[in-house]
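Trainee: Return atomic coordinates for the entry below.
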Amino acid sequence: MEKQYDAFLFDLYGTLVDIHTDEEKEALWQACARELKDRGVIAHPEQLREQYTQGVRELEARDRLARGPGAEIDLEPVFRGMLEAGGSPASADQVRAFAAFFRMASLEKLRLFPGAAELLRAIRRAGKQAYLLSNAQSLFTRPELDRLGLTALFDGILLSSEVGYQKPAPQFYRAMLEQYSLDPARTVMIGNDDEADCRGAAAVGLDSCYVATEQSPALTRPLPENCRVLRVIADAMDLV
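Mentor: You can find the predicted model right below:
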């Protein structure tokens, strides 16, 4: 008999959502230059790319120093700095709008994997809970969850940029377990990254399921003993 679970934790990108972005393409930075010009920010696309890259590096260095390994950044200050380069302050709504513009311009593909939404609905029908635990930027991911119709299918959502830690950091997993009072013995993590999702889960006493997708990093060592391999995400229906 399969082990029964009350709570299902899901990774998002590469697990439930098939995604591809390209932040290196020239068209993205040209679009950003045109968008920012309307705010009085005159910059060459390559200058904007460098400003963005340098801003991310500085945030990563600062947060690693402050919180140690596993720290996660929030890109809000980077986008705010790009908007305010012309000398005018930017509101929170303007920062969110520009981040959404940036993300849409970088997207090449965004769609649900077959069976993903049906799986989440089946969990709800069975009287169990589904939670999202994702290494993701809130400025990008919250709108995409709404766009894909996923927000209402989760009983709780934790994003790494909001918590300040990313998988496989145990602090991120423990934040989920503590915030929603989840029993590790009755909770399973489902993801496509063996290190972040499977070994990260095992480190805090969680079982896991691993599904290999186009976005999965290459496996470099055996999966944890308490990890089950899925052919596709829809195969997790057997656990509900």
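Trainee: And the next helix or strand past the helix or strand encompassing residue 51?
Mentor: Residue 51 belongs to helix 45-67 when assigned by DSSP states H and E. For helix 45-67, the following helix or strand on the C-terminal side (DSSP H and E) is helix 76-83.
Trainee: my guess is residue 49 contacts residue 29, does it?
Mentor: Yes - counting by Cβ atoms under 8 Å, residue 49 touches residue 29, with 4.9 Å between them. Any C-beta I mention is one placed from the backbone N, CA and C, and that applies to glycine too.
Trainee: More neighbours: which of those two?
Mentor: residue 29 (23 against 18; other Cβ atoms under 10 Å).
Trainee: For the residue nearest to residue 169 when sequence neighbours are not counted, list the residues it contacts.
Mentor: Sequence neighbours aside, residue 70 is the residue nearest to residue 169 in space, at 2.8 Å (criterion: Cβ to Cβ, 6 or more residues apart in numbering). Residues in contact with residue 70, defined by Cβ atoms under 8 Å, 6 or more residues apart in numbering, are 165-166, 168-172.
Trainee: now the angle from the worst-scoring helix or strand of the chain on mean pLDDT to helix 76-83?
Mentor: Taking mean pLDDT, DSSP states H and E as the measure, the chain has helix 45-67 as its least confident helix or strand, at a mean of 94. Calculated by axes from the mean of the first three to the mean of the last three Cα atoms, to 10 degrees, helix 45-67 forms an angle of 150 degrees with helix 76-83.
Trainee: what does helix 45-67 contact?
Mentor: Here helix 45-67 has contacts from 23, 26, 29-30, 32-33, 36, 43, 71-75, 77-78, 81-82, 85, 164-165, using Cβ under 8 Å, 6+ apart.
Trainee: my read: residue 10 touches residue 16, true?
Mentor: Yes - counting by Cβ under 8 Å, residue 10 does reach residue 16; the two are 5.8 Å apart.
Trainee: which neighbours do those two share?
Mentor: residue 120.
Trainee: Without its sequence neighbours, what residue ends up closest to the spatially most central residue of the chain?
Mentor: The centroid of the chain falls nearest to residue 136 when counting by Cα atoms, centre = their mean (2.6 Å). The shortest distance from residue 136 to any residue other than its chain neighbours is 4.8 Å, reached at residue 159 (Cβ to Cβ, 6+ apart).
Trainee: Thanks again, I'm all set now.
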